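**Student:** got a sequence here, can you build the structure:
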Amino acid sequence: MAMNAYTALTQQAVRWLRNLSLAGQPLVDGGAPPPGEHASTIADMDQTFPATTNTRLAAAVRLVSCFAAAHVVLQLYLAHQRPPWLPLALLILFLFTVYVGALYWRTVRDSASQEPQATYWVDTLWYLGFTAMTGGPHSQFSFFLPFPVLFVSLRWGFAAGITMAVCSTAILLVIGVLSAGAGTPVLAADRVLPPIALLVLGYLIAMWANSGLALSRRLASLKEIDSLFNPRLDIEQIIDQVVRQLATLYPVHKYALVLAEARNPARVFRANLPDRIYRVCDTDAVELTDVLLRMATSRAVIYCGRQGLRRADVYGFTAANAAASERHASDAAAVANRLDCAGFCSIQFKLREGGTAQLFIGSDEGCFGPADLPFFRQLCEQLSPRIENVQLLDHLARETAEHERQKISRDIHDSAIQPYIGLKLALEALDRKVAPEEPLSKDIGRLVEMANTQITELRRYVKGLRGDGEPGHAALVPAVRRQAARFGELYGIKVEVESAGELRVGDDLANEAFHIVSEALSNIRRHTNAPLARINLSCDTEKFKLQVANPGDAARSVKLFTPRSISERALALGGTCQVETGPGRDTVVTVEIPLRP
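**Tutor:** This is a model prediction of the structure:
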């Protein structure tokens, strides 16, 4: 009867395991996310394979080990053996069954649940305990020890897996020594070989699982990089975001970007992460370009500097002879020395109209190796067409905008400027009729000066519409400061301009931002009595932010409003406009424009 009960229990366990394996996603899927989810970042990988799959497999292994423990105890009972430690074994079996049942029930209730690393350490301690109680290293429970190493390695990588393997090996070796009988050598082969086998197997498992985890993270990183391409950003801004994404995979500490555009001198940008990107001055750029472009090649190239016993080496070049190999190694060492890094990876991608961009990603730890070449080649193939598409979209948008600007400039020149010129001539004629000592003469002179200022401003605006001015991203902050100075002279309102460094935004966004500032200052003049206005411009990798503030008047009631023109401009750029105000408080208009789609 007991044997029939044992058989029925075993069959039920097999059905549970089959249902457990089929309840979630297919176990053969090495990196696909669960249905309805999208692993677009490395953090999302924790929500997909192998986290949830680990939980299901670990629950299955625990069930098998629980039935194995029950089988051992049942064998002792059926053999009518009554060892003195049987009550203790029954108690331990009961506690282990409760532990396994609780984790299994949680897995059944929530198939997407995840387990902390400590849970797998507890599993290891259980398996080691059963191994010690059932004959030492030769116990069947020692075969369960590699499974926690596998699950930890799949989820947390090589370091966590090899740590668990080493600790399990050390404890198993101690168990083997303590369980050795009298007259048996302490380091007998049958006591030492199982721990050594566990260590070797654990190392192989950790290496294999870590390679799969690294591949999953690289695929997730490539998906994330796909979302970084935005026509509103310049090329250097896009590459900056790409490198910062790569810094989640590798210990990247710095990079340099050489943009050799057709019919333009090369531009060099650098950054020491996590600091902001900056452009190298033209004098230093010439020297730096001469050194960096020695490694200019359409292939991905990796340089590993000398560290300890490892010699310096270059991967990715196909040297025709020893002299060429030495020349490549010398050029790569010069680049690493100029970038002040232990190793680097160089990739090249094409720009429109025959231009190229050479990117050097440096690491102080020399972490790159030949195994990383396929990934960077794939990255290079992914970057080139997308950069060209961004440039093409930007070119089409510029052409369309240029056509509209030319039309508007002609309309302004033929309509808006002419009345100002007529007004100016009339005021000058009136000024000549008034005697210089008359009080009215000063007022007329001031009106003539204002008319001249407006005509000059309109002509500068028309010149900008025709494309004869500075690039928008280079002229935004200076243009806002000039506008603030003129506004203060004309209307007696002091305007303070604050800018967080050099703003690297596209020309279209820069032009729109200038018009938003002009409209905001005009609103302050027309609708308030404020003697002061403050403008704050800032930009990061995510958004461009513009704030215009003026002091509130405690004596006047404040009515919440939304400036229509500013809101429409912000909405057209995919951004938002918010107004914060209140009795006795500053009125602040905040415009935020996203730089990523």
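**Student:** Provide the secondary structure category for the residue located most distally from the centre of the chain.
**Tutor:** Outermost residue of the chain with respect to the C-alpha centroid, by C-alpha atoms, centre = their mean, is A435; its distance is 70.6 Å. A435 carries the three-state label coil when classified by DSSP: H, G, I helix; E, B strand; the rest coil.
**Student:** remind me which helix or strand the closest residue to it other than its chain neighbours belongs to.
**Tutor:** Spatial nearest neighbour of A435, chain neighbours left out: S441 (6.9 Å); criterion: C-beta to C-beta, 6 or more residues apart in numbering. In short, each C-beta sits where N, CA and C put it, glycine included. Taking DSSP states H and E as the definition, S441 sits inside helix 439-465.
**Student:** which other residues reach the following helix or strand past that helix?
**Tutor:** Sequence-wise, the next helix or strand downstream of helix 439-465 (DSSP H and E) is helix 472-491. Residues from elsewhere that reach helix 472-491, judged by C-beta atoms under 8 Å, 6 or more residues apart in numbering: 234, 450, 453, 457, 469, 493-497, 499, 502-511, 513-514, 517-518, 521, 525, 533, 535, 537.
**Student:** sitting in strands, which of these do you find?
**Tutor:** Within the contacts of helix 472-491, residues falling in strands by DSSP state E are K494, V495, E496, V497, S499, A533, I535, L537.
**Student:** now distance to A220, neighbour count and pLDDT too, for the residues you listed, in a markdown table please.
**Tutor:** Listed next are the ones in strands among the contacts of helix 472-491 as a markdown table, based on distance: C-beta to C-beta, whole Å; neighbours: other C-beta atoms under 10 Å; pLDDT from 0 to 100:
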| residue | distance to A220 | neighbour count | pLDDT |
| --- | --- | --- | --- |
| K494 | 51 | 13 | 90 |
| V495 | 47 | 22 | 91 |
| E496 | 45 | 12 | 91 |
| V497 | 42 | 18 | 91 |
| S499 | 36 | 16 | 86 |
| A533 | 46 | 25 | 92 |
| I535 | 40 | 20 | 93 |
| L537 | 34 | 21 | 91 |
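**Student:** pick the one among those residues closest to D553.
**Tutor:** A533 (13.8 Å; C-beta to C-beta).
**Student:** dihedrals phi and psi, the residue farthest from the centre of the chain?
**Tutor:** Backbone geometry at A435, expressed as degrees, to the nearest 10, gives phi -70, psi 150.
**Student:** I'd say it and I444 touch.
**Tutor:** No - contact status for A435 versus I444: not in contact, 11.3 Å apart, counting by C-beta atoms under 8 Å.
**Student:** write the PyMOL selection for whichever of the contacts of helix 472-491 are buried.
**Tutor:** Buried members of those can be picked out in PyMOL with the line below, counting by 16 or more other C-beta atoms under 10 Å:
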select buried, resi 234+450+469+493+495+497+499+503+504+505+506+507+508+509+510+511+513+514+517+521+525+533+535+537
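**Student:** can you show me the strands along the protein?
**Tutor:** 254-260, 267-272, 278-279, 301-304, 313-315, 343-350, 356-363, 494-499, 532-539, 543-550, 576-580, 587-594.
**Student:** closest one to R386 among those strands?
**Tutor:** strand 343-350 (8.9 Å).
**Student:** and the contacts of that closest one?
**Tutor:** With C-beta under 8 Å, 6+ apart, strand 343-350 has contacts from 295-305, 332, 335-336, 356-363, 365-368, 372, 376, 379-380, 383-384, 387-388.
**Student:** make it 6 Å
**Tutor:** With C-beta atoms under 6 Å, 6 or more residues apart in numbering as the test, strand 343-350 has contacts from 295, 298, 300-305, 336, 356-363, 366, 368, 376, 380, 383-384, 387.
**Student:** for stretch 291-309, same thing?
**Tutor:** By C-beta under 6 Å, 6+ apart, stretch 291-309 touches 258, 312-316, 331-332, 334-336, 338, 342-348, 358, 366, 368, 373, 376-377, 380.
**Student:** can you rerun that using 7 Å?
**Tutor:** The contact list for stretch 291-309, computed with C-beta atoms under 7 Å, 6 or more residues apart in numbering, reads 256, 258, 312-317, 331-332, 334-336, 338, 342-348, 358, 360, 366, 368-370, 372-373, 376-377, 380.
**Student:** alpha carbons of it, as CSV, please.
**Tutor:** Taking Å, rounded to 0.1, in the frame of the first residue of the first chain, the C-alpha atoms of stretch 291-309 are listed here in CSV:
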residue,chain,number,x,y,z
VAL,A,291,46.6,61.6,-35.0
LEU,A,292,43.2,60.1,-34.9
LEU,A,293,42.6,59.6,-38.6
ARG,A,294,45.7,57.4,-38.9
MET,A,295,43.2,54.7,-37.7
ALA,A,296,40.6,55.8,-40.3
THR,A,297,39.2,52.6,-41.8
SER,A,298,35.8,51.4,-42.8
ARG,A,299,36.2,48.4,-40.5
ALA,A,300,35.7,48.2,-36.8
VAL,A,301,39.1,48.2,-35.0
ILE,A,302,39.8,47.3,-31.4
TYR,A,303,43.1,48.2,-29.6
CYS,A,304,44.0,46.6,-26.3
GLY,A,305,46.9,48.2,-24.5
ARG,A,306,49.5,46.4,-22.6
GLN,A,307,48.3,45.3,-19.1
GLY,A,308,50.4,43.1,-16.9
LEU,A,309,51.7,40.1,-18.9
